[in-house]
Every structure is written in structure tokens, then in C-alpha cells.
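**Student:** Following is a predicted model, sequence given first.
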Amino acid sequence: QVQLVESGGGSVQAGGSLTLSCTASQSTYRSICMAWFRQAPGSQRETVATVDSNGVTKVAGSVKGRFTLSKDNAKNTLYLRMDNLKPEDTAKYYCAQMLSDNAGIVTGYWGQGTQVTVS
């Protein structure tokens, strides 16, 4: 069973910065991708940033230029550096990982989420 543990959320004023971390437990399965999602109250969950198995990162247009995704493979940890935060970035942020087992079956795993509040 894969576990994803997020940290780094909190309350910050507009224009401030936060860095979220997501550490995944080790797995013998192949990681397809890792990603950050967010969900504000009353809204659908949206993709914030992704990194694939080749290390290629993508960020959503709404956060491009402000958020930076990085991954430390040695620590199996995903980071989301968030700069110039805006009130509309307020949401619960979730880390996710998709793994492929030996039969090629892909399973998605989610963390518990960490709250980011921008005032």
C-alpha cells in the first residue's frame, strides 16, 4: 500500500510564498507520474502540476510563472514551490501518484491533502 504524506500548507498573505512537500512511501511498482491537485470549496478538483516518469513537468496555466514543481528522486519527494500567492489559490492541495504494477495495471493513490489559505 502506497502512502503519500503532504506537508507545508498554511496561511499566508497575498504575495507570499509556500512550499508544499509530498513524500511517497517506497514501492516496487513503476511510478507513471506524480502530481498536485487542488480543490476549493464548491469547486471541482483541478490539476495544478504534474511530473511524468521522464521528469517532464507541466503546470496549469493559472499558476504558470508562479508555481514550480520539482522532485527529489532519492527522497521520493515531490515539491510545489508557490510564489506570489493570490486569494484564488486558496484550496486544499492534494498529492497523487500513479503506479503501474508488473501486469501493467495502473493504480492511483492520493494523499490526505494540505490546506493553503491566502488572504
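**Tutor:** Nice, thanks for sending it over.
**Student:** Under a three-state scheme, what state does the most centrally placed residue in the chain occupy?
**Tutor:** The chain has Trp36 as the residue nearest its centroid, 2.2 Å off, counting by C-alpha atoms, centre = their mean. Secondary structure state of Trp36, per DSSP: H, G, I helix; E, B strand; the rest coil, is strand.
**Student:** nearest residue to it other than its sequence neighbours?
**Tutor:** Val48 (4.3 Å; C-beta to C-beta, 6 or more residues apart in numbering). In this view, the C-beta of every residue, glycine as well, is placed from N, C-alpha and C.
**Student:** which element is that neighbour on?
**Tutor:** Following DSSP states H and E, one finds Val48 within strand 46-52.
**Student:** Show me how far the helix or strand following that strand is from its chain's centre.
**Tutor:** Scanning forward in sequence from strand 46-52 by DSSP H and E, the next helix or strand is strand 57-59. Here strand 57-59 is found 11 Å from its chain centre; the criterion is C-alpha atoms, centre = their mean, to the nearest Å.
**Student:** From the rest of the structure, what touches strand 57-59?
**Tutor:** Contacting residues not belonging to strand 57-59 are listed as 48-51, 67-70 [C-beta atoms under 8 Å, 6 or more residues apart in numbering].
**Student:** Can you tell me which of these comes closest to Met82?
**Tutor:** When the contacts of strand 57-59 are compared for distance to Met82 (C-beta to C-beta), Phe67 comes out closest, at 5.1 Å.
**Student:** beta partners of that closest one?
**Tutor:** Met82 (DSSP bridges).
**Student:** ditto for Gly10
**Tutor:** So, taking DSSP bridges as the rule, Gly10 has Val116 as bridge partners.
**Student:** Count the residues that sit near it.
**Tutor:** 13 (other C-beta atoms under 10 Å).
**Student:** same question, Tyr109
**Tutor:** Neighbour tally, Tyr109, other C-beta under 10 Å: 17.
**Student:** For it, list each beta-bridge partner.
**Tutor:** Listed by DSSP bridges, the beta-bridge partners for Tyr109 are Gln97.
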